[in-house]
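Peer 1: here is the input, now give the coordinates:
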Amino acid sequence: MRLSRLMLAVLVPLAACDDFTSPASDPDAPTNLTYELIPSGTPGAPAGVLLSWDVPRSRRANSFNVYSRAANADGWQLRATTTSPTFHDAGTPDAQYYVATRDADANEIGRSDIITIDLQTRLPAPQGLASISLNGAIQLAWSRNAVDASHGTFDHYLVYSTAYDGSRGVCTTDWVIEGSTVSDAFLSANLTNGVSRCFAISAVTRDGHESDWSSSRLDTPRFDARNAFVYATGSRPDSSGFLFFDETAKHVGVVAASSRADLDVTVERHTDGSLWFAPARSGVTMTLYSTKPVADLTSIDRAPAAGFANVTTEALAGYAYVFRVQKADGIHFAAIRVAFVANDYVVFDWAYQSAPGNAELSRAPSA
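Peer 2: Numbering: from 1, shown residues only. Predicted coordinates:
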């Protein structure tokens with residue numbers, strides 16, 4: 001027997017109730033019987049149903065009997081008796097329900113219309129799920145195709161996530177609800193940098209019908225910061241070096257003296273006065289991300305598969321650069337977007353992927 005948060009009664013077969021006075025003309029009958037499915041994450045198999053109705057206008061109602069049947073041709077059974085004008089039936093709902101009013105002597109004095117539970121009508125699965133890697137967070141976005149399919153019935157989205165098994169290259173099956181939103185975007189925060197996670201989205205109607213899930217999306221949060229301020233070595237050698245990750249102090253985004261042997265990059269001034277990024281050791285290579293400026297640090301996608309070299313590259317405002325950095329635990333990828341170039345210093349935004357070998361710097365591919 002399914003459990004409810006309300007008082008349950010023994011299931012007793014009853015005679016068919018299809019013939020009774022219309023609730024519209026019966027002052028003792030519950031009216032406006034409606035239902036809302038409780039999404040479970042499995043389309044077509046809700047976790048339960050919430051019935052609601054209006055109290056009879058005669059004001060003689062003392063309690064209500066809730067009846068249901070598993071199929072339209074089956075006999076009716078008493079599901080529960082409650083004093084509330086709502087009833088939550090846990091588990092897969094029956095095919096039909098109705099509610100009967102009881103007076104102070106426990107006599108049934110009026111009955112609602114029969115309501116049929118529809119488990120088939122659903123919105124289409126959300127499409128185009130995309131993501132942006134952030135510092136301790138993932139920004140998700142998707143198309144509004146589910147809303148456009150039925151503006152009048154759409155209610156909200158559910159966002160699911162699960163861990164990623166890197167050893168097998170698959171999303172695990174332990175999906176949990178991250179949250180819900182009425183927007184076609186969602187920020188999943190308080191995540192651990194360098195730990196990959198899978199995401200999926202469903203669309204839910206006003207009466208609780210849940211769509212199929214979107215395609216899953218894999219992404220990995222990474223460290224980042226804005227407005228790092230690094231001088232040219234000829235101007236301020238004490239502040240002309242940069243480490244994406246200081247393995248000794250266990251800090252990210254460290255501005256340091258150019259004399260340090262563990263630096264990742266330094267800023268050098270050429271004879272014409274231009275400023276250039278220079279890989280600071282043999283374990284660091286770099287490449288220009290794009291031949292034109294990018295709008296933001298988050299515009300930098302995955303690190304390219306080739307093209308890295310241990311050569312200096314001019315620092316130009318708006319341009320992005322990707323680094324391949326050898327650390328004690330393996331190869332790490334990092335990115336810089338230049339915000340401003342002055343005579344003596346460069347201001348830039350940076351990102352660092354702490355997961356060894358993971359090329360995700362902003363947007364991740366579909367899983």
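
Peer 1: mind checking which helix or strand the most centrally placed residue in the chain is in?
Peer 2: Nearest residue to the geometric centre of the chain (C-alpha atoms, centre = their mean): Val159, 4.1 Å. Using DSSP states H and E, Val159 sits within strand 154-165.

Peer 1: over to Ala80?
Peer 2: Judged by DSSP H and E, Ala80 forms part of strand 76-82.

Peer 1: can you name every helix or strand that that strand contacts?
Peer 2: Here strand 76-82 touches strand 13-14, strand 63-69, strand 86-90, strand 96-102, going by 3 or more C-beta pairs under 8 Å, 6 or more residues apart in numbering; DSSP states H and E. Any C-beta I mention is one placed from the backbone N, CA and C, and that applies to glycine too.

Peer 1: can you give me the angle it makes with strand 86-90?
Peer 2: Here strand 76-82 runs at an angle of 120 degrees relative to strand 86-90 (axes from the mean of the first three to the mean of the last three C-alpha atoms, to 10 degrees).

Peer 1: residue contacts, the nearest residue to Ala141 once chain neighbours are set aside?
Peer 2: Excluding its sequence neighbours, the residue lying closest to Ala141 (C-beta to C-beta, 6 or more residues apart in numbering) is Ala185, at 4.5 Å. With contact set as C-beta atoms under 8 Å, 6 or more residues apart in numbering, Ala185 has these partners: 139-142.

Peer 1: repeat that for Gly273.
Peer 2: Contact partners of Gly273, counting by C-beta under 8 Å, 6+ apart, are Asn343.

Peer 1: from the contacts of Ala185, which is closest to Thr31?
Peer 2: Checking the contacts of Ala185 against Thr31 with C-beta to C-beta, the nearest one is Trp142 at 39.0 Å.

Peer 1: check the offset of the next helix or strand along the chain from the strand holding Val159 from the chain's centre.
Peer 2: Where DSSP H and E defines the elements, the next helix or strand beyond strand 154-165 is strand 170-171. Mean C-alpha position of strand 170-171 versus that of the full chain (C-alpha atoms, centre = their mean, to the nearest Å) differs by 16 Å.

Peer 1: could you do stretch 83-94 as well?
Peer 2: 29 Å.

Peer 1: about what we covered before: among the contacts of Ala185, which lie within strands?
Peer 2: Members of the contacts of Ala185 lying in strands (criterion: DSSP state E): 139-141.

Peer 1: out of these, who's the most crowded?
Peer 2: Among the ones in strands among the contacts of Ala185, the one with the most neighbours (other C-beta atoms under 10 Å) is Leu140, at 25 neighbours.

Peer 1: for Tyr157, see how far away that one is.
Peer 2: 10 Å (C-beta to C-beta, to the nearest Å).

Peer 1: what's the overlap in contacts for those two?
Peer 2: By C-beta under 8 Å, 6+ apart, Leu140 and Tyr157 have these common neighbours: 186, 201.

Peer 1: ok, then the element right after the worst-scoring helix or strand of the chain on mean pLDDT?
Peer 2: Using mean pLDDT, DSSP states H and E, the weakest-scoring helix or strand in the chain turns out to be strand 13-14, at a mean of 44. Downstream of strand 13-14, the next assigned helix or strand under DSSP H and E is strand 31-38.

Peer 1: how far away is Val182 from Glu36?
Peer 2: Distance from Val182 to Glu36, by C-beta to C-beta: 16 Å.

Peer 1: which one of these two is surrounded by more residues?
Peer 2: Neighbours per residue (other C-beta under 10 Å) separate Val182 from Glu36, with Glu36 holding more: 20 against 9.

Peer 1: and the more buried one, what is it in contact with?
Peer 2: Each residue near Glu36 by C-beta under 8 Å, 6+ apart is listed here: 49-50, 52, 206-208.

Peer 1: one more: Thr92?
Peer 2: Thr92 neighbours (C-beta under 8 Å, 6+ apart): 45-46.

Peer 1: sec struct for it, please.
Peer 2: coil (DSSP: H, G, I helix; E, B strand; the rest coil).

Peer 1: next, it: phi, psi?
Peer 2: phi -60, psi 120 (degrees, to the nearest 10).

Peer 1: against Asp174, how distant is it?
Peer 2: Look at Thr92 and Asp174: by C-beta to C-beta, they are 22 Å apart.

Peer 1: try Ala295
Peer 2: Relative to Asp174, Ala295 is positioned 36 Å away (C-beta to C-beta).

Peer 1: nearest to Glu314 among the contacts of Ala185?
Peer 2: Glu314 lies nearest to Gln139 out of the contacts of Ala185, by C-beta to C-beta, at 30.8 Å.

Peer 1: surely the closest one meets Ser131?
Peer 2: Yes - the criterion here is C-beta atoms under 8 Å, and Gln139 meets it with Ser131 at 6.5 Å.

Peer 1: strands of the stretch 101-250 of the chain, start to end?
Peer 2: Counting by DSSP state E, counting those that start in this stretch, the stretch 101-250 of the chain has strands at residues 108-111, 115-116, 130-134, 137-141, 154-165, 170-171, 176-181, 185-188, 197-205, 217-219, 223-231, 241-246.
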